[in-house]
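Undergrad: Let me see the structure of the following:
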Amino acid sequence: MASDHTLVRIRGLVRHSRYRLSLHAERERDADCIQMSELEEALLSERLELIEDYPEDPRGHSHLLLGFTQAEQPIHAVCSEHEAVLVIITVYRPDPKLWQDYRIRKEKI
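TA: Numbering: from 1, shown residues only. Got it, this is the predicted structure:
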């Protein structure tokens with residue numbers, strides 16, 4: 001399955017410190033008080049899931065990932081791969097009011 005290969009590549013890039021955060025991701029990480037260790041735990045987790053795929057993203061093909069920290073805290077990250085580097089476009093703690101099981105966007109009322 002393509003998403004399995006994508007997740008293996010992403011984990012490998014993170015494991016080898018071949019990733020960087022965009023300025024936007026740094027701001028969002030700071031706003032949601034996400035430690036770098038938590039982000040790495042979530043992206044290296046065996047529970048990491050690709051929940052949305054954006055092949056037409058103008059920044060390049062990207063993915064919305066859901067991972068969990070060792071403390072079972074969910075983290076969403078939108079990532080894209082460029083020249084063997086994982087670029088984390090944004091990262092945040094998903095709001096349960098907006099997400100069903102952190103995987104499906106809730107309908108706006």
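Undergrad: How far does stretch 64-79 sit from its chain's centre?
TA: Stretch 64-79 sits 6 Å away from the centroid of its parent chain (CA atoms, centre = their mean, to the nearest Å).
Undergrad: And the helices in this structure?
TA: Under the criterion DSSP state H, helices of the chain are mapped to 2-15, 23-31, 36-44.
Undergrad: which of these sits most buried?
TA: With neighbours taken as mean count of other CB atoms under 10 Å, the helices of the chain reach their highest mean count in helix 36-44, at a mean of 17. Using the backbone N, CA and C atoms, a C-beta is placed for each residue, glycine as well.
Undergrad: For it, give me every contacting residue.
TA: With contact meaning CB atoms under 8 Å, 6 or more residues apart in numbering, helix 36-44 is reached by 10-11, 14-15, 19, 29, 48, 65, 67-71, 73-75, 77, 88, 91.
Undergrad: contacting residues around stretch 17-24?
TA: 12-13, 29, 43, 79, 84-91.
Undergrad: Out of these, the closest to residue 102 would be?
TA: Within the contacts of stretch 17-24, proximity to residue 102 (CB to CB) peaks at residue 91, which comes in at 13.7 Å.
Undergrad: burial measure for the closest one, as a count.
TA: Using other CB atoms under 10 Å, the number of residues around residue 91 comes to 26.
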